[in-house]
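Asker: turn this into a structure:
(one chain, ligands or ions: 1)
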Amino acid sequence: MKRRGLFSIIFDYAGAKKKYYVFSIITSLISVTAGISPFYFIASIINKLIEGRNEFSAYSLDSILLLVLFFLKGAFHIVSTSLSHIAAYQTIKGVRKRAIDSLALASLGDVKSHNSGSLKNTLCERIDSTEVALAHIIPEFTGNIIGFLGTFIYLMIISWQMGLIALIPFTIGMVSYLTMSIGYEKYWNNCINKTKVLNDTAVEYINGIEVIKAFGKSESSYKKFKKAAKEGADCFVEWQRKCNIAFSIAMTVAPYTLLAVLPLGGILYYHGMITLEVFVISILMSVGLISPLINSMGHVDDLHKAKTIFSEIDEIVSMDHLNRPSVSKNTPKDSSISLKGVSFGYEDKEVLHNINLDIKANSQIALVGPSGAGKSTIAKLIASLWDPNKGDIYIGGVNIKDLTLEDYNKMVSYVSQNNYLFNVSILENIKMGNLNATDEDVIAVCKKCGIHDFIMNLENGYNTIVGDSGSHLSGGERQRISIARAMMKDSKIVILDEATAYTDPENEAIIQKSLSALAEDKTVIVIAHRLSTIIHSDDIILVNDGIIEAHGKHEELLEKSELYKNMWLSHIAGKDSDLNA
Ligand SMILES: Nc1ncnc2c1ncn2[C@@H]1O[C@H](COP(=O)(O)OP(=O)(O)OP(=O)(O)O)[C@@H](O)[C@H]1O
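Answerer: Below you'll find the predicted structure:
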C-alpha cells in the first residue's frame, strides 16, 4: 500500500467539504495577522511617547486600529474554527463510511485477519480522537507557521541583526526539543501497539466471559488483562520520562526571546548599530514572534497521532476487495450453480482441490463429509464470502465475478450456525431480510418456519429485544430466527450451513418440513451432520479431504461409497444410542 502524507489523506476524506478547510486556513491567517499586528502599533505608540508627543491625535489612530485588530482577531478565529469543525466532522464521517464500505466489500478472510477489538477501537475511539487535529491543527498550525514567518521577515527587514538575535533562545529550545524527537516513532508505535493489545485483550475477555467463568479461569484471564493494562500504562510513562527534561527546557527557553533581544539589542543600540525605534519595535515584535511557533509545537504530538490513525484507516480502506464490477455484466438465467476447477486455501494451506460441481436450478442438495473436509468452505465460496484462488463459480451460467455484490447478495442467502442477531426486536431482526416486508409478512414467514408460537409465548412477542448477539435466546431459537430472516429475503439460492445444528430433533423436524415448503422454487444447499435430515435430497455430495469423492442419491451412495456407508451406520448407531439413553 502506498503511504500518503497526512494532509493528502485528510483532504481526500474531507471530500466536498475540503473547501471549508481552505477557507478555515485563510480566515485563520487573517486572525493570526490581526493578533501579531498590534505589536507594531504598540511600538509606534511607545516611540511617540519617547519622542515626547503628548497630543491626543498622535495616538488616536493607533488606538482605534488596535481595537479593530483585537476584534478582527477574535471574529476570524471564531469563523475559522467553525469552518474547520464542520470540515473535521465531515472528514470523520467520510472516514467511517469509507472504512465500513471497505469492510463490506473485502473478503471475509481479509476482514477476519483484523482483530475485532482493534477494528472497533480504530473506527470508534481512535478516529474520534483525531478531531483535535482535524478541527484545530489544520487552520491553527498553518496560520501560526505563516504568522511566525511574516513577523520574522518584518524583523529582518527593519534589522537583520535583531531578526537573527530574536531566534537564539528558540534555536536553543529547538535543539533540546529535537533530542526528544529521537526515537519518537519507535516510542509512539510501541504505545499504539500496547494500547491495541489492551483493547484486544479486553474484547477477548468480554467475549469469552462465559468460558472463563465455566472453566474457573477468571483469575488467570484477568492476569492477562492486568498485564496488558500495566504494559499499556508503562510505555506511556517511560516515554513521558524520556521526554520530560528535554521538553521542559524547550518550553522554558524557546519563548523567551527577550533573553537574547534585550542584552544583545542593547549592545547594538549602545554602539549605534540600530536606532531606539528599531530597538523598541524589535523588543515588542520578538515577544509576538515565537508564540505562534510554540502553539504549533503543541500540535506536533497530535499531528503524529493523527498520521498514525489515518494510516491505520488507510489500511482498512485499501483492503483487497472482491473483484466485482459496479454494474452487473449479465443476468443469470436461473438459480443453477456450477463450480469449475475451483481450488482454495486459507492463507498458504490449500483446503479445496480442483472442485467441479454442477447443481441444478431449484434442486435441494446436501454437502456431507467428515469434519474438516471442506464443506463449509465450498458453501462460503458459493456465498461469495471469499473468492476461489483458482477456477470460477457460475450462477445461472454467469460468472459471479461479472455480477455486482449487491445483485449477487439478492440472489443468495447464507445461514450458518453462528448467524448474528442484532440487539433489536425479533421483528426488526427478521425484517433485515427484506426491508420492505410488513409485520404481516414477517408473521406469515414465522408461521411457515414453525416459530410463531414460540415468539408469541415471549413476554413482548415479536417486539422482544433479543439481547447482545441474541444472547437472550437459546442457540436453537437464534437459528430459527436466522432461518426466518433468510426466508424473508426470498432469494433464489439458500445455503444452510449447519443452520439447525443447535436445534433439538423435534424442532429440527418442524424446520425441515417448513424449509421444504419454503424452498419449493429455490436451489437449496444444506450442510448437516445429522444425515437423516438430508437423505431425501436430490443430490448428496460427499466431500472428503478437499475433493468431491462421490455424489448421488442416498441409496446410491450407500452402495458405491464405503465412507458414506460408514458415516450413515455411525449416524444410525448414534440415533439408537440417543433413543436408548
Ligand atoms: N478461517 C479459516 N482459516 C484457516 N483455516 C480454516 C478456516 N476455516 C476453515 N479452515 C480449515 O479449512 C479446512 C476445511 O474447513 P471447513 O470448515 O470447510 O470444513 P467442514 O467440512 O465444513 O468441517 P466441519 O464439518 O467440522 O464444519 C479445515 O482444515 C479447517 O481447519
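Asker: who are the neighbours in contact with residue 172?
Answerer: Neighbouring residues of residue 172 by C-beta atoms under 8 Å, 6 or more residues apart in numbering: 253, 254. All C-beta spots, glycine's among them, are computed from the backbone N, C-alpha and C.
Asker: quick check: next helix or strand after the helix or strand bottoming out on mean pLDDT in the chain?
Answerer: Ranking every helix and strand in the chain by mean pLDDT, DSSP states H and E puts helix 505-518 at the bottom, with a mean of 66. Following helix 505-518 in sequence order, the next helix or strand is strand 523-527 (DSSP states H and E).
Asker: how far is that following strand from where the chain is centred?
Answerer: 34 Å (C-alpha atoms, centre = their mean, to the nearest Å).
Asker: which strands or helices does it pack on?
Answerer: On a contact count with 3 or more C-beta pairs under 8 Å, 6 or more residues apart in numbering; DSSP states H and E, strand 523-527 meets strand 364-368, helix 375-382, strand 493-497.
Asker: tell me which of these approaches the ligand most closely.
Answerer: Closest to the ligand of the helices and strands packed on strand 523-527, according to C-beta to the nearest ligand atom: helix 375-382, at 3.2 Å.
Asker: buried set for the closest one?
Answerer: 375, 376, 377, 378, 379, 380, 381, 382 (16 or more other C-beta atoms under 10 Å).
Asker: now it: mean pLDDT?
Answerer: Averaging pLDDT along helix 375-382 gives 92.
Asker: which residues touch it?
Answerer: Helix 375-382 has contacts (C-beta under 8 Å, 6+ apart) with 108, 337, 339, 342, 344, 351-352, 355, 357, 367-369, 386-388, 393, 412, 414, 416, 493, 495, 497-498, 525, 527, 543.
Asker: next one: stretch 63-72
Answerer: With C-beta under 8 Å, 6+ apart, stretch 63-72 has contacts from 30, 31, 34, 35, 37, 38, 41, 42, 45.
Asker: pretty sure the second one contacts residue 77?
Answerer: Yes - taking C-beta atoms under 8 Å as the definition, residue 31 is a contact partner of residue 77 at 4.3 Å.
Asker: and residue 234, what does it touch?
Answerer: If you count contacts by C-beta under 8 Å, 6+ apart, residue 234 has them with residue 194.
Asker: swap in the one 4 residues further on?
Answerer: Residue 238 is in contact with residue 187, counting by C-beta under 8 Å, 6+ apart.
Asker: mind checking how far it is from the ligand?
Answerer: Residue 238 is 37 Å from the ligand, where distance means C-beta to the nearest ligand atom, to the nearest Å.
Asker: once you drop chain neighbours, what's closest to the residue nearest in space to the middle of the chain?
Answerer: Nearest to the mean C-alpha position of the chain, by C-alpha atoms, centre = their mean, lies residue 123 at 3.5 Å. Using C-beta to C-beta, 6 or more residues apart in numbering and skipping the chain neighbours, the partner closest in space to residue 123 is residue 99 (5.7 Å).
Asker: okay, and the one you found sits in which element?
Answerer: Secondary structure from DSSP H and E places residue 99 in helix 57-105.
Asker: what is the rounded mean pLDDT of that helix?
Answerer: For helix 57-105, mean pLDDT is 88.
Asker: was I right about residue 448 contacting residue 490?
Answerer: No - in this structure residue 448 lies outside contact range of residue 490 using C-beta under 8 Å: 11.7 Å.
Asker: which stretches of the chain have low pLDDT?
Answerer: Residues of the chain meeting the criterion pLDDT under 70: 1-4, 109, 113, 210-211, 213-221, 499-518, 574-581.
Asker: and if we set it to 50?
Answerer: 577-581 (pLDDT under 50).
Asker: that older thread, and residue 31 and residue 77? Which one has more around it.
Answerer: Set side by side, residue 31 and residue 77 show more neighbours around residue 31, with 23 against 20, by other C-beta atoms under 10 Å.
Asker: got a list of what that one touches?
Answerer: Contacts for residue 31 (C-beta under 8 Å, 6+ apart) come out as 72, 73, 74, 75, 76, 77, 80, 143.
Asker: assumed residue 28 was part of a helix.
Answerer: Yes - assigned with DSSP: H, G, I helix; E, B strand; the rest coil, residue 28 falls within a helix.
Asker: quick one: contacts for it?
Answerer: Per C-beta under 8 Å, 6+ apart, neighbours of residue 28: 76, 77, 80, 84, 139, 140, 142, 143.
Asker: likewise residue 552?
Answerer: Applying C-beta under 8 Å, 6+ apart, the residues near residue 552 are 539, 540, 560.
Asker: got it, and residue 360?
Answerer: When the contact criterion is C-beta under 8 Å, 6+ apart, the partners of residue 360 are 336, 523, 538, 539.
Asker: number of residues surrounding the closest residue to residue 85 other than its chain neighbours?
Answerer: By the measure of C-beta to C-beta, 6+ apart, the closest residue to residue 85 outside its immediate chain neighbours is residue 135, 4.7 Å from it. The number of residues packed near residue 135 is 22, by other C-beta under 10 Å.
Asker: you'd agree residue 340 is up against residue 392?
Answerer: Yes - assessed by C-beta under 8 Å, residue 340 is found in contact with residue 392 at 5.4 Å.
Asker: then residue 551 would be within a helix, right?
Answerer: No - counting by three-state DSSP, residue 551 is not part of a helix but strand.
Asker: residues contacting it?
Answerer: By C-beta under 8 Å, 6+ apart, the residues touching residue 551 are 539, 540, 541, 542, 557.
Asker: rebuild the residues you listed as TSV, extending it with distance to the ligand, neighbour count and secondary structure.
Answerer: Listed next are those as TSV, based on distance: C-beta to the nearest ligand atom, whole Å; neighbours: other C-beta atoms under 10 Å; DSSP: H, G, I helix; E, B strand; the rest coil:
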residue	distance to the ligand	neighbour count	secondary structure
539	17	18	strand
540	14	23	strand
541	11	23	strand
542	11	23	strand
557	17	24	helix
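Asker: can you pull the phi/psi pair for residue 159?
Answerer: The phi and psi values for residue 159, taken as degrees, to the nearest 10, are phi -170, psi 110.
Asker: roughly how far apart are it and the ligand?
Answerer: In this view, residue 159 and the ligand are 71 Å apart by C-beta to the nearest ligand atom.
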